[in-house]
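K.L.:
I'd like to go over a predicted model; first the sequence, then the structure.
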Amino acid sequence: MPPTDTTFSPPGTLTSSAAPTAELETGWGPRTPAGDTVLRDGLDAVVASWEAVASACGGRAHRGRGFVAVDLGLPTGFMNSATLISPLFGADLDGVVEQVESFYGAGGSGEYLLWSPWPVPDLSARGWSLQGHPPLLYRAPTGPMEVAPPEDLEIVEVTDTAELAEWNATVVEAFPFPDVDPSLGPLGPGVLDDDRFSLLLGRVDGRAMVAGCRVLAGGASVLLLTATRPEARGRGYYGPLVRHRLGSTPDLPVVCLVSDHSRPILVDRFGFLPISRFTVWSRPRP
């Protein structure tokens, strides 16, 4: 007896001569439930954190078919970001990239980024530059956590515009973001009145040496950015800011996209689980 004739169809369907078409869960549909996979939940949280930045800082946000894009309209380092939210191939991917370029080409200044949990074909012919493949890390809720920073490190919660200016300057200089004006960003004053945000400074002898941000978004605590000045690296200042943010949300999962330099601290010391590497491209505005 010959095998049943089965042909491949778009994701989510199976067509067979022996059975009617049936809907299958792909893990990336609009009706996919929370908790389907850690990757999907982590992606949703990261995207929601970008949208929180846009809403708090007076930027633009757009949800298209297969992607989400946010724009603050000026150089920000990481905050002008588009993210793929479902697997795309061929003409579908080309169409989304064109929409992303159109969104950022509508105005403003500063480069923008495209993040994808899946490999993306070479976009260099379109003027994009490959930035790397940062891993998405995940940590399940673990309950209360003690915070014991080094004796010389003072951890300060940012609550006013002067401290926000100090936070911005520390991030811009420490990362560094040479194209970002610290008087304008990366984050604007709207974050001070938004309970989703927690910004921390780590000072040594009165000078900020490390800065970090946490955003409550998509049912998780997203560690959006942590940066340590080069002269202060290796002194144990990064970890206490991570621990402080973990301790502030003991009942929430925590997700972050980090560099391979920061990954060992989070994985080995704090029990984060590497989930998947993203692909990141950048493009200057016209």
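P.N.:
Yep, it's here.

K.L.:
these two touch, right, Tyr138 and Val254?
P.N.:
Yes: with contact defined as CB atoms under 8 Å, Tyr138 reaches Val254; the gap is 7.3 Å. Where you see a C-beta, it was placed from the backbone N, CA and C, and this is true even at glycine.

K.L.:
Which neighbours do the two have in common?
P.N.:
Phe272 (CB atoms under 8 Å, 6 or more residues apart in numbering).

K.L.:
The two: which is more packed in?
P.N.:
Remark: of Tyr138 and Val254, Val254 carries more neighbours, 25 against 20, as counted by other CB atoms under 10 Å.

K.L.:
Not counting its neighbours along the chain, what's nearest that one?
P.N.:
Arg139 (4.3 Å; CB to CB, 6 or more residues apart in numbering).

K.L.:
Now for the one you found, how many residues are close by?
P.N.:
Arg139 has 21 neighbours, counted by other CB under 10 Å.

K.L.:
And it, how far from Ser183?
P.N.:
34 Å (CB to CB, to the nearest Å).

K.L.:
in which helix or strand would I find Leu43?
P.N.:
Leu43 is part of helix 38-56, with elements assigned from DSSP states H and E.

K.L.:
Now do the SS call for Val242.
P.N.:
Under DSSP: H, G, I helix; E, B strand; the rest coil, Val242 falls in the helix class.

K.L.:
no, scratch that, I was asking about Thr26
P.N.:
Three-state call for Thr26 (three-state DSSP): coil.

K.L.:
Would you mind confirming that Leu252 makes contact with Gly218?
P.N.:
No: the criterion here is CB under 8 Å, and Leu252 misses it with Gly218 at 10.2 Å.

K.L.:
And these two? Which one has more around it.
P.N.:
Gly218 (21 against 18).

K.L.:
where are the low-confidence patches of the stretch 101-250 of the chain?
P.N.:
Applying pLDDT under 70 to the stretch 101-250 of the chain picks out residues 147.
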